[in-house]
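Give me a 3D structure for the following:
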Amino acid sequence: MSVAPSTLYPRARRARNVAAARWHRIGTQTQFYVKTLTSMGDAVVNYRVELIRLIAQMSLGTGALTLVGGTIVIVGFLTLSAGALIAVQGYHSLSNVGIEALTGFIAAYLNVRLIAPLVAGIGLAATIGAGATAQLGAMRINEEIDALEVIGVRSVAYLASSRVIAGIIVVIPLYSLAVLMSFLAARVGTTAVYGQSPGVYDHYFNTFFNPVDLAWSCVTAMAMAVVIMLVHTYYGYSASGGPAGVGEAVGRAVRTSLIAAVFVSLAITLSLYGQAPNLNLSG
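Down below sits the predicted model:
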């Protein structure tokens, strides 16, 4: 009497099924991302009102969040704290070797290339991205997305593509605020708290500040915004399992988007500064 191999090796069968399910999930995600990106033009042409509403909601917030200014103020406080840490750590570390005058260089270098884009991405994922996942997940379990399909609305363009476009638009002033707040916190912390001469700080800051790096940093923030919004819209659009499933989808989306955002920042940084750091220490 012959026995099926799947019966003899249940662990191998289980591992094969898990690998096949994961591969299928990767294909499903890729298909959703491609469809979302290709439907962005459709969202701009046919769903402009929804797009404007999403931009206003993502930037200033709605309801109780409007009282604190929404995501803009949250990211501002985050980068204010990060800039203050640059002042504290940079000044103390450099003063140990007698070159605390270069604190302005540290602020111009780290804030532009690392602090501002990463903080903007984290703020986008933790506020706008998580909110988008929760909204789409609630619509999915309440069968509102199916209702949109029934009445002829292209749900991917209306719900996902519009949110990706809104995220790209919102991240530009968001990133600008992040850079300004980090610069302000570093300067005030160094000059007002530690007593360094403003002229010395401004000299080294202006010497090592590179506008090209600022432009590439903004591009990095926009690329991170695209990836973050794609991840969050996918997990919200494909949520299942009731309210508990929506909460699980939000958690998975935040973890995945943060990891993806860091990889995007790493890839762009390596491509720009991996061989030539574009750093001139003279002057």
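
Any idea how many residues pack against Asn206?
Here the number of neighbours of Asn206 (other C-beta atoms under 10 Å) works out to 11. Placement of C-beta: from N, CA and C, glycine included.

how about the host helix or strand of it as CSV, C-alpha atoms only?
Taking DSSP states H and E as the definition, Asn206 sits inside helix 198-208. Output for helix 198-208, consisting of C-alpha atoms alone and laid out as CSV, is shown next (Å, rounded to 0.1, in the frame of the first residue of the first chain):
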residue,chain,number,x,y,z
PRO,A,198,26.4,83.5,16.5
GLY,A,199,29.0,84.7,14.0
VAL,A,200,31.2,81.6,14.5
TYR,A,201,28.2,79.3,14.2
ASP,A,202,26.8,81.0,11.1
HIS,A,203,30.3,81.1,9.5
TYR,A,204,30.8,77.3,9.7
PHE,A,205,27.1,76.6,8.9
ASN,A,206,27.1,78.7,5.7
THR,A,207,30.5,77.3,4.7
PHE,A,208,29.5,73.7,4.7
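
and it, what does it pack onto?
Helices and strands in packing contact with helix 198-208 are listed as helix 103-110, helix 162-188; criterion 3 or more C-beta pairs under 8 Å, 6 or more residues apart in numbering; DSSP states H and E.

residue ranges with poor pLDDT in the protein?
Of all residues in the chain, those with pLDDT under 70 make up the ranges 1-9, 24, 60-70, 276-283.

in it, which spans are helices?
Along the chain, the segments classed as helices by DSSP state H run 5-8, 10-38, 40-46, 48-60, 70-95, 103-110, 116-123, 130-141, 144-150, 155, 162-188, 198-208, 211-237, 242-273.

So which bits of the last one are buried?
Buried residues in helix 242-273, counted by 16 or more other C-beta atoms under 10 Å: 246, 249-250, 253-254, 256-258, 260-261, 264-265, 268-269, 272.

ok, the residue nearest in space to the middle of the chain to Thr71 distance?
Centrality entry for the chain: nearest residue to the mean C-alpha point is Gly121, 2.7 Å, by C-alpha atoms, centre = their mean. Relative to Thr71, Gly121 is positioned 12 Å away (C-beta to C-beta, to the nearest Å).

Likewise for Thr28?
If you go by C-beta to C-beta, the gap between Thr28 and Thr71 works out to 29 Å.

Between the two, which is the more surrounded one?
Thr71 (25 against 12).

show me the contacts for that one.
When contacts are counted by C-beta atoms under 8 Å, 6 or more residues apart in numbering, Thr71 touches 58-59, 61, 123-124, 127-128, 170, 174.

If anything else comes up later, I'll come back, but that's it for now.
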